[in-house]
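Q: Below is the sequence, then the predicted model.
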Amino acid sequence: MTEKILVVQGGKLIDGTGRAPVENSIIVIQAGRFQTVGRSAEVSIPADAEVVDARGKTVLPGFIDGHGHLEDFHGELYLHLGITTCANIELYQDGPWTRAQKQGTALGKIRGPRIWMSGRAIGGVSTGHDAFGSRTARDNIIVTTPEEVRRAVQRKKKLGCDILKVNEFLSMDLVKVACDEAHRLGMPVAAHSWDVIGSANAGVDGIEHIWSVGYSSIPYAPARRKLAEDRLGGVIDQELAGAYYQTENYDAVIGAMVEHQVAWTPTIAKWLRPLSSSAERFRKRENEILNDPNADLPAAVRAVTDNSYDKLFKRYTPAQRDQAKVGYEKAKEFIRRFVEAGGILKEGSDPPRGMAALLMHQALAMDVEAGVPPMTAIQAATLNVAKTFKKDKDYGSVEVGKVADLSIVEGDPLQDIWLTQNVKTVIMDGKVIDSGFTKYKNPIASFYSYQSLPLDLEISPLFLIEGSGPTTLKVRGQGGMWPFHQVMLNGDPLPTSFVSKDELKATIPSEAIPTAGTYVVTLKCEGEAFPESHRAHLVVGFKP
């Protein structure tokens with residue numbers, strides 16, 4: 001049986017290649033791929049085709065998130081915002097959950113974008129602060145010899161990873177080994193770095209984050225490394241660290257990246273979007289999604305989204321806010337100069353600290369504010385991502401023979417780049433999909449938390465008498481407490497209040513400890529099914 005033909009008719013086509021838009025376009029799709037693309041006067045519509053009327057709208061390639069950190073509730077966010085592919089640059093575990101998501105979305109059993117996965121980064125050991133933010137704490141794969149590097153890369157390929165990620169603690173000689181082996185196996189390499197010139201010379205395909213290029217602009221290596229490790233260890237915020245970038249050294253960093261055709265993903269929206277001239281529009285769209293009951297997002301999403309604004313405007317002093325603004329101006333300057341020099345810009349959402357998928361659109365708007373042409377910004381979330389990750393034979397642009405992914409938006413993003421998020425119709429693999437929110441629950445839930453969850457707890461008191469109460473239980477944990485954390489006693493939630501980033505308080509009613517025994521205290525995140533801390537133990541003795 002021949003698959004039904006789908007035609008998208010009448011829209012203004014921006015095809016992702018950088019070519020001039022095609023007004024009143026016709027796109028013919030069959031068997032999940034683009035069969036014909038052209039002007040309406042040049043293309044005939046098959047008589048039995050299903051027609052999508054795109055008149056008055058702009059037709060774009062399905063967007064590609066170039067730096068995602070996928071969670072179980074992200075699928076509908078991505079589809080709602082026209083993102084049909086997520087390059088999942090993972091954090092905490094080496095692939096089984098993401099492999100299941102990748103398989104499930106490919107089979108149509110999980111609602112969400114196509115997934116290109118990396119698994120955990122490989123790298124060296126952090127010798128500085130070993131706080132939650134460090135790469136060692138994030139369970140990176142530690143390699144110390146060329147043979148260990150090659151084995152780790154080979155294992156990635158065997159697991160079905162599409163991308164290799166390396167961290168900034170890996171020595172440059174081992175980065176080169178990793179790149180050589182990954183390229184031999186057909187895998188691109190994305191890198192954290194505080195020596196971007198060295199990383200570019202070693203053969204990486206993409207550099208991730210503003211701080212990688214910013215730190216690399218500091219020529220004195222000890223100062224560069226200290227700033228980087230202090231940021232990872234929580235001594236200085238990323239919002240403030242940007243003020244130390246040295247703009248007079250940008251050209252050397254940019255030159256190496258352009259020479260070696262290394263793409264770059266700024267991801268500045270996660271930290272600095274409250275300082276954007278579009279912040280009011282960003283906030284309005286965030287709240288539209290957060291307040292949509294059908295989106296049904298975990299409490300953590302609202303908390304971390306709100307926190308970005310509260311941090312800069314409520315908790316920072318005026319001097320700190322001014323310092324953050326200096327860093328933002330330096331970030332915009334690097335973005336502008338990088339693109340003007342011919343650099344390959346790609347973008348990604350890089351949650352948490354905001355909302356997956358939407359952060360990518362916010363990043364595009366901030367890139368344009370920095371001086372990037374809107375057409376280039378569109379490519380940063382389409383073809384440039386596909387090229388960086390060696391997938392452009394099939395993805396990233398609306399060209400004959402490629403997989404038929406489209407995002408159809410109201411308005412013209414070339415006139416107002418923020419309209420990339422104003423998505424009305426999504427086509428993925430040649431089929432129109434439901435891009436609305438439906439209170440959807442992923443059948444394979446995440447088992448690690450969206451923002452942070454302290455694993456090891458300290459509780460006080462440690463001993464109570466059966467039937468006593470109500471009692472206030474203090475719970476402390478390294479890694480940061482949030483208002484959406486909930487104290488559990490033997491798996492049941494206790495009334496919990498946020499005290500500080502280091503402490504929660506919970507109320508234990510007398511009926512919760514009716515008999516002597518050993519009771520288990522853990523933390524969970526409200527609205528997340530599986531993530532849970534390690535156990536602390538409350539001993540309940542006999543009543544005299």
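A: On my side now, so go ahead. Residues are numbered from 1 along each chain as shown.
Q: Extract the CA atoms of the longest helix along the chain and return them as PDB.
A: As assigned by DSSP state H, the longest helix anywhere in the chain is helix 318-340. Below are the C-alpha coordinates for helix 318-340, written out as PDB (Å, rounded to 0.1, in the frame of the first residue of the first chain):
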ATOM      1  CA  PRO A 318      23.300  46.300  42.700                       C
ATOM      2  CA  ALA A 319      27.100  45.800  42.300                       C
ATOM      3  CA  GLN A 320      26.600  42.100  41.500                       C
ATOM      4  CA  ARG A 321      23.900  42.900  39.000                       C
ATOM      5  CA  ASP A 322      26.200  45.400  37.300                       C
ATOM      6  CA  GLN A 323      28.900  42.700  37.200                       C
ATOM      7  CA  ALA A 324      26.500  40.300  35.600                       C
ATOM      8  CA  LYS A 325      25.600  42.900  33.000                       C
ATOM      9  CA  VAL A 326      29.300  43.300  32.200                       C
ATOM     10  CA  GLY A 327      29.500  39.600  31.600                       C
ATOM     11  CA  TYR A 328      26.400  39.700  29.400                       C
ATOM     12  CA  GLU A 329      27.900  42.400  27.200                       C
ATOM     13  CA  LYS A 330      31.100  40.400  26.900                       C
ATOM     14  CA  ALA A 331      29.100  37.300  25.900                       C
ATOM     15  CA  LYS A 332      27.200  39.200  23.300                       C
ATOM     16  CA  GLU A 333      30.500  40.600  21.900                       C
ATOM     17  CA  PHE A 334      31.900  37.100  21.500                       C
ATOM     18  CA  ILE A 335      28.800  35.900  19.800                       C
ATOM     19  CA  ARG A 336      28.800  38.800  17.300                       C
ATOM     20  CA  ARG A 337      32.500  38.600  16.500                       C
ATOM     21  CA  PHE A 338      32.300  34.800  16.200                       C
ATOM     22  CA  VAL A 339      29.600  35.000  13.600                       C
ATOM     23  CA  GLU A 340      31.100  37.900  11.700                       C
END
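Q: for it, packing partners?
A: If you count contacts as 3 or more Cβ pairs under 8 Å, 6 or more residues apart in numbering; DSSP states H and E, helix 318-340 packs onto helix 210-216, helix 238-241, helix 250-259, helix 269-272, helix 358-369. Where C-beta positions appear, they are placed from N, C-alpha and C, glycine not excepted.
Q: which helices and strands does the last one pack with?
A: Secondary structure elements in contact with helix 358-369, counted by 3+ Cβ pairs under 8 Å, 6+ apart, are strand 63-68, helix 269-272, helix 279-290, helix 318-340, helix 374-380.
Q: any idea which of those is most buried?
A: Highest mean neighbour count among the helices and strands packed on helix 358-369 (mean count of other Cβ atoms under 10 Å): strand 63-68, with a mean of 31.
Q: just the angle between that one and helix 358-369, please?
A: Relative orientation of strand 63-68 with respect to helix 358-369: 100 degrees, computed using axes from the mean of the first three to the mean of the last three Cα atoms, to 10 degrees.
Q: Partner strands of strand 63-68, with direction?
A: Note on strand 63-68: by DSSP bridges, its sheet partners are strand 83-88 (parallel).
Q: List the buried residues in the helix or strand that the partner strand is followed by.
A: On the C-terminal side of strand 83-88, the closest following helix or strand by DSSP states H and E is helix 96-106. Taking 16 or more other Cβ atoms under 10 Å as the basis for neighbour counts, the residues of helix 96-106 that come out buried are W97, T98, R99, Q101, K102, G104, T105.
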